[in-house]
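Novice: Sequence and predicted model, in that order:
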Amino acid sequence: MSHASAPQPLTARRAGPLTGRVRVPGDKSISHRALILGALSVGETKITGLLEGEDVINTSKAMQAMGASVNRTGEGVWSIRGVGVAGFAEPAAPLDFGNSGTGCRLVMGAVAGCPITALFDGDASLRKRPMRRILDPLEKIGARIMEIGEGGRLPVTLKGARDPLPIVFEAPVPSAQLKSAVLLAGLAAPGATTVIETEATRDHTEKLLKHFGAHVRVTAEGEHGRRITLEGQPELEGASVVVPADPSSAAFPLVAALIVPGSELILEGVMMNPLRTGLLTTLKEMGAEFEKLSERNEGGEDVADLRVRACTLKGVDVPPERAPSMIDEYPILAVAAAFAEGTTRMRGLKELRVKESDRLAATAAMLQVNGVAVEIVDDDLIVHGNGRAPGGGVVATHMDHRLAMSALMMGLGSEKPVGVDDAAFIATSFTGFTELMRKLGGDFSD
């Protein structure tokens, strides 16, 4: 299984303003799903703009291991010849997902509807992350857990259902991974599989299922939720997928531009799906200056170029119902909050405790070691900003790529440099991160 290489420390320090025009890598969520659905389709799928980070590459290897033909034909351009719904072959070796919870959990769903057995594993960080909540509904569909690690964690040996059953599943927490795993398993079941969520989560799986030919109905459920119903046993057909720039990756240079005086950036082709733009909504409330240029639709998703300029930010109260639309952006929002005037309270962050690290505690520690006043009250993160961050600390990243990038963005605006103990894991989601930031004027040193 994946083993960590030697740590790669990195330090960021304030230099001049950040300026320029760039496109961040393709969206990770869509990249994973496009590979999986392409592998479950009949015929050829062509993906343009695929994120070529380690997480997504591991998903592509898993698809190959189970019988799909997966080929890279150019930079970000991939071709897949699928095996059809429930057509996966039994892999000859364990499926290694490295650091990727998304890839691992979604592929568990896809395997659950196939009459094969597969062993799922990953690196030391992924082995700490809970899998039981994904496996519970998959067992109801008919999959069986043959072996599982202590505490419901990896490694997991999963035997897919020979005769999968459709279920109605009410998600206990708002989780796009959980919802998606159930829907992918439901592809192989006769009749309708339904997922009910009390808080709407990112809807890329539903959109891509429709794009590949499945029949999916989405209706409102309560004040903030949705009911998603999938008609099982469709014949998915290969399709072309254009992957937009990842808003979660764009968040790092975007916030850096807000906090580094004199900065002005244009970020090209960023996805504007309303279920992914909670950070933009929050930053706007904080007084951020950015505008959408060239709004358009690419590959079924709304995208726009974002122009962002440095400005003065103010503290705000972030409601808990916004969490699903910005769940990956809280560490970088915490950096923005450190540079804001006044207190920012981010409410309802329980889900952050089961990310690549205990991201709630790790984010607070990132701020504390750099002289920012912060506290955790229940599941709320409270940052007391005063318009500046002293910096000067070295952040323990806990093998968490988003924490590492957030800390480095803090260093670009803080009074003293900010270091991270290991930047190696940034490559899981943002290939060429330091090169892109240096191109914009960022100052990094080993």
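Specialist: Received it, and whenever you're ready, just let me know what you need. Numbering: from 1, shown residues only.

Novice: which sections of this protein are below the confidence cut-off?
Specialist: Per-residue confidence for the chain (pLDDT under 70) gives these ranges: 1-5, 299, 356.

Novice: try 90 this time
Specialist: Applying pLDDT under 90 to the chain flags residues 1-6, 15, 289-290, 297-301, 324, 351, 353-357, 428-429, 431, 446.

Novice: At which residues are the helices of it located?
Specialist: Counting by DSSP state H, one finds helices in the chain at the ranges 28-39, 54-65, 101-112, 132-141, 176-186, 204-211, 247-259, 278-285, 330-338, 359-368, 401-413, 433-439.

Novice: what packs against the fourth one?
Specialist: Right, helix 132-141. Other elements packing on helix 132-141 under the criterion 3 or more Cβ pairs under 8 Å, 6 or more residues apart in numbering; DSSP states H and E are helix 101-112, strand 144-149, strand 153-159, helix 176-186. Bear in mind the C-beta positions are built from the backbone N, C-alpha and C, glycine included.

Novice: Kindly recompute the last result at 7 Å.
Specialist: With contacts defined as 3 or more Cβ pairs under 7 Å, 6 or more residues apart in numbering; DSSP states H and E, the secondary structure elements packing on helix 132-141 are helix 101-112, helix 176-186.

Novice: Can you name the residues in contact with the first one?
Specialist: Contacts of helix 101-112 from elsewhere in the structure, counted by Cβ atoms under 7 Å, 6 or more residues apart in numbering, are 28-29, 32-33, 36, 40, 55, 58-59, 62, 88, 95, 97, 118, 120, 122, 126, 129, 134, 138, 141, 143, 158, 160-161, 177, 180-182, 184-185.

Novice: got it, and the shortest one?
Specialist: With contacts defined as Cβ under 7 Å, 6+ apart, helix 176-186 is touched by 36, 101-102, 105-106, 108-110, 112-113, 133-134, 137-138, 141, 164, 166, 169, 171, 193, 195, 197, 201-202, 205, 209, 228, 230, 232.

Novice: quick revisit: which of the helices of the chain sits closest to residue 308?
Specialist: Using Cβ to Cβ as the criterion, the shortest distance between residue 308 and these is 4.7 Å, found for helix 247-259.

Novice: how about the CA coordinates for that closest one, as PDB?
Specialist: Provided in PDB are the C-alpha atoms of helix 247-259 (Å, rounded to 0.1, in the frame of the first residue of the first chain):
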ATOM      1  CA  PRO A 247     -13.400  25.900  -6.900                       C
ATOM      2  CA  SER A 248     -11.800  24.200  -3.900                       C
ATOM      3  CA  SER A 249      -8.400  24.700  -5.500                       C
ATOM      4  CA  ALA A 250      -9.200  28.200  -6.700                       C
ATOM      5  CA  ALA A 251      -9.900  29.100  -3.100                       C
ATOM      6  CA  PHE A 252      -6.200  29.200  -2.200                       C
ATOM      7  CA  PRO A 253      -4.900  31.800  -4.700                       C
ATOM      8  CA  LEU A 254      -8.300  33.700  -4.300                       C
ATOM      9  CA  VAL A 255      -7.800  34.200  -0.600                       C
ATOM     10  CA  ALA A 256      -4.100  34.900  -1.000                       C
ATOM     11  CA  ALA A 257      -5.000  37.700  -3.400                       C
ATOM     12  CA  LEU A 258      -7.400  39.100  -0.800                       C
ATOM     13  CA  ILE A 259      -4.900  39.300   2.000                       C
END
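
Novice: For the nearest residue to residue 373 once chain neighbours are set aside, name its beta-bridge partners.
Specialist: Residue nearest to residue 373 in three dimensions, not counting chain neighbours: residue 384, with 3.9 Å by Cβ to Cβ, 6 or more residues apart in numbering. Here residue 384 sits in beta bridges with residue 343, residue 373, as judged by DSSP bridges.

Novice: OK, contacts around residue 307?
Specialist: When contacts are taken as Cβ under 7 Å, 6+ apart, residue 307 is in contact with 266, 290-291, 293.

Novice: I misspoke; the intended subject was residue 63.
Specialist: Under the criterion of Cβ under 7 Å, 6+ apart, the neighbours of residue 63 are 35-36, 39, 70.

Novice: Next one: the closest residue to it other than its chain neighbours from residue 28, what distance?
Specialist: The shortest distance from residue 63 to any residue that is not its chain neighbour, by Cβ to Cβ, 6+ apart, is 4.0 Å, and that residue is residue 39. When Cβ to Cβ, to the nearest Å is the yardstick, residue 39 and residue 28 sit 17 Å from each other.
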